[in-house]
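Visitor: Okay, here's the prediction I keep looking at, along with the sequence it came from:
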Amino acid sequence: MGALGKGLSFYLLAAFFALFVLFLYGPTVTILILSFQGPDGGLTFPMNGVSLHWFRNLFEQQAVGDFGGSFRRSIALGLMVMVLTVVVSLLAGFAFRRRFRGSGALFYLAVASLIVPSILVSLGIGLLFTILGLEPAWYSSALGAHLTWTLPFGLLIVFAIFNRFNPAYEEAARDLGATPWQTVRHVVLPILLPSLIGVGLFGFTLSYDEFARTLMTAGSFNTLPLEIYGMTTNVTTPVLYALGSLTTVFSFTVIGLFLLGLLALRRRRGAAA
Amino acid sequence: MTDTTASSRPSAAAGPAARRGPALLPRLAPYLQAAPLTVVLVLFLLVPILTIVAVSFWDYDSVRIYPDFVLTNYTELLSSPVTWKTYLSTLKYAALTWAITAVIGFTVAYFLAFHVRSTTWQMVLFLLCTIPFWTSNIIRMISWIPFLGRNGLLNSGLISAGIIDQPLEFLLFSDFSVVLAFVHLYTLFMVVPVFNSMMRIDRALIEAARDGGAGGAQILWNVILPLTKPGIAIGSIFVVTLVMGDFITVRLMSGGQSASIGLMIANEISLLQYPAAAANAVVLLAVVLMMVAAMLRVVDIRKEL
């Protein structure tokens, strides 16, 4: 087989992989191009001139409901989810390193959180708030709904991190007289830092793009995915693509910054060592 | 993971605290550390699901819902042919999406794990596959419209190439486009766990198989595939549960011409028929849990991390 030589199978598989990547990125590139459609252009090719018309249109208040507000809310919510996901799943990860009563039940509850269809979480939290007479809002009910999606992912990643973590570092710190807190603060956390940034990125982007779990829990103010969804049903101009391009560019920027940060961290460590 | 650390950790953690006083804190520590996760999952998952179960027995009229204990929500749901037809189409989507993502996911992961030999390239190509996952699903769905539409890229390309005379109508707003979008969105959920499983296969096993005279296809079928099963199972759980609960993809990509259980629930919600939606949701949850239980027979998740 091709594991050791670049035979025919290698080139066939490489071609398959290239097609897969094209399949992943092709449509996104299409709308990126179409968002520069001229003012008279439609939702499909051909391009009717090239302009920034639809991007300007996006920022005019009447064109879209509340693009700016929903964007700000989505970012604020994403940041809250990010911080909570890192802190809560790391703490739980520490707990699971020891035996405690109910650990099995908690683990299965977390896994259940991944497989319960999103619309059930949305419906359940919405009903619960209605029955309790509480007003759903993006910073309360939607925050909780998003956490049911990000925390299990965070927990599984933290499990994977601890599985690859060498406890000898902790033992060494303890042998040198470090208290448990000092061990965590000066030994464990710095080693885990890059992975924890990954957990944070996971939490932020999952929340930033979450639609189904926000549907019944956002209350009277939309988050960005809800706003986009509203647009898909009643906007028939390329302004939709302009919005799509902007949020995609935003996502790519966030991922890019994350990768750069990780690279910088590794460089600094490399230089220090 | 608990085994190796559990033995060393409690004694060491007890040390400094014991000097300060009763060794209560170290014993309480795991409970305190697990408390935030427990609170969130109980408040926002367990209680809401119990609420759905309770409300599924409530009664409703066109204006409001009120507490009661009636079975009409279930009898109406299960006696309606629409429900069964919708389950059939949802299961069809799940089966098609599962089969296609499994084949693509396995092939892509196999290429990355066994044919790309430099680790740097492995990571770069793996990232290339995962990046779209971090962008908006809705945007990725609507990105297909200029591609598949009547005057879309594919149709105009095929026409100008002389392959077809009339634009193909089945490309957009059809079962085809729904499954295409599912595959586009969810193949990554298959690639990652399968790739993870493959990377853990001891390369010596493959050497041994080759020394024993196995050909490439035999190694793939008798060595790699069995050892990749846990990854395939985890990926399958993700793909199947995501498709079974979906409503947005079906609504956007079928143009309202097709139905899924999730969409049925979403419609009932928008009509404020909460008890009917709740009964529907309970049945869906039971179906999904049974499917997951069946797939979990193949794999022990905790061993796979």
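Guide: Here it is on my side, so go on.

Visitor: Grab the longest helix from chain B for me.
Guide: helix B:81-110 (DSSP state H).

Visitor: just checking, next helix/strand downstream of that helix?
Guide: Counting by DSSP states H and E, the next helix or strand C-terminal to helix B:81-110 is helix B:119-130.

Visitor: contacting residues around residue 94?
Guide: You didn't say which chain, so I picked chain A. Residues in contact with A:Phe94 (CB atoms under 8 Å, 6 or more residues apart in numbering or on different chains) are A:184, B:29-30, B:33. Backbone N, C-alpha and C define where each C-beta goes, glycine included.

Visitor: hmm, I had chain B in mind actually
Guide: For B:Ala94, the contacting residues are B:239-240, B:243-244, by CB under 8 Å, 6+ apart.

Visitor: can you check A:Leu265 too?
Guide: Under the criterion of CB under 8 Å, 6+ apart, the neighbours of A:Leu265 are A:193-194, A:197.

Visitor: Quick check: the gap between it and A:Pro194.
Guide: To A:Pro194, A:Leu265 is 6 Å away according to CB to CB, to the nearest Å.

Visitor: go on, B:Thr120?
Guide: B:Thr120 is 17 Å from A:Pro194, by CB to CB.

Visitor: Between the two, point out the one with more neighbours.
Guide: When B:Thr120 is set against A:Pro194 and neighbours are counted by other CB atoms under 10 Å in any protein chain shown, the residue ahead is A:Pro194, at 14 against 8.

Visitor: Next one: B:Asp61 from chain A, what distance?
Guide: Counting by CB to the nearest CB, to the nearest Å, the separation of B:Asp61 from chain A is 16 Å.

Visitor: and the least confident of the contacts of A:Leu265?
Guide: Least confident by pLDDT among the contacts of A:Leu265: that is A:Pro194, with 83.

Visitor: following the host helix or strand of that residue, which helix or strand comes up?
Guide: Secondary structure from DSSP H and E places A:Pro194 in helix A:189-209. Remark: after helix A:189-209, the chain's next helix or strand is helix A:224-234, criterion DSSP H and E.

Visitor: Run through who's touching that next one.
Guide: A:64-67, A:70-71, A:73-74, A:208-211, A:214-215, A:218, A:222, A:239-240, A:243-244, A:247, B:136, B:138-139, B:142, B:248, B:252.

Visitor: what number of residues lie near A:Phe221?
Guide: A:Phe221: 15 neighbours (other CB under 10 Å).

Visitor: Just read off the phi/psi values of it.
Guide: The phi/psi pair for A:Phe221 (degrees, to the nearest 10) reads phi -110, psi 130.

Visitor: Now find how far off-centre the helix or strand hosting B:Val240 is within its chain.
Guide: Assessed by DSSP H and E, B:Val240 sits inside helix B:225-245. Taking CA atoms, centre = their mean, to the nearest Å, the mean C-alpha location of helix B:225-245 is offset from the chain mean by 8 Å.

Visitor: Show me what counts as buried in it.
Guide: Using 16 or more other CB atoms under 10 Å in any protein chain shown as the test for burial, helix B:225-245 gives B:227-228, B:230-245.

Visitor: and which of the contacts of B:Ala94 is nearest to chain A?
Guide: Among those, B:Met244 lies closest to chain A (CB to the nearest CB), at 6.5 Å.

Visitor: separation between that closest one and B:Ile138?
Guide: In terms of CB to CB, B:Met244 sits 19 Å off from B:Ile138.

Visitor: Check which helix or strand the closest residue to B:Leu168 other than its chain neighbours maps to.
Guide: Once flanking residues are discounted, B:Leu168 sits nearest to B:Asn155: 6.0 Å by CB to CB, 6 or more residues apart in numbering or on different chains. Take DSSP H and E as the rule and B:Asn155 turns out to sit in helix B:153-160.

Visitor: what residues does that helix touch?
Guide: Applying CB under 8 Å, 6+ apart, the contact partners of helix B:153-160 are A:30, A:44-45, B:146-149, B:164-165, B:167-168, B:171.

Visitor: pLDDT averaged over it - what is it?
Guide: pLDDT averaged over helix B:153-160 gives 82.

Visitor: May I see the buried residues of it?
Guide: Buried, per 16+ other CB under 10 Å, within helix B:153-160: B:153-156, B:158.

Visitor: ok so, going back, the longest helix of chain B: how far from the chain's middle?
Guide: Helix B:81-110 sits 11 Å away from the centroid of its parent chain (CA atoms, centre = their mean).
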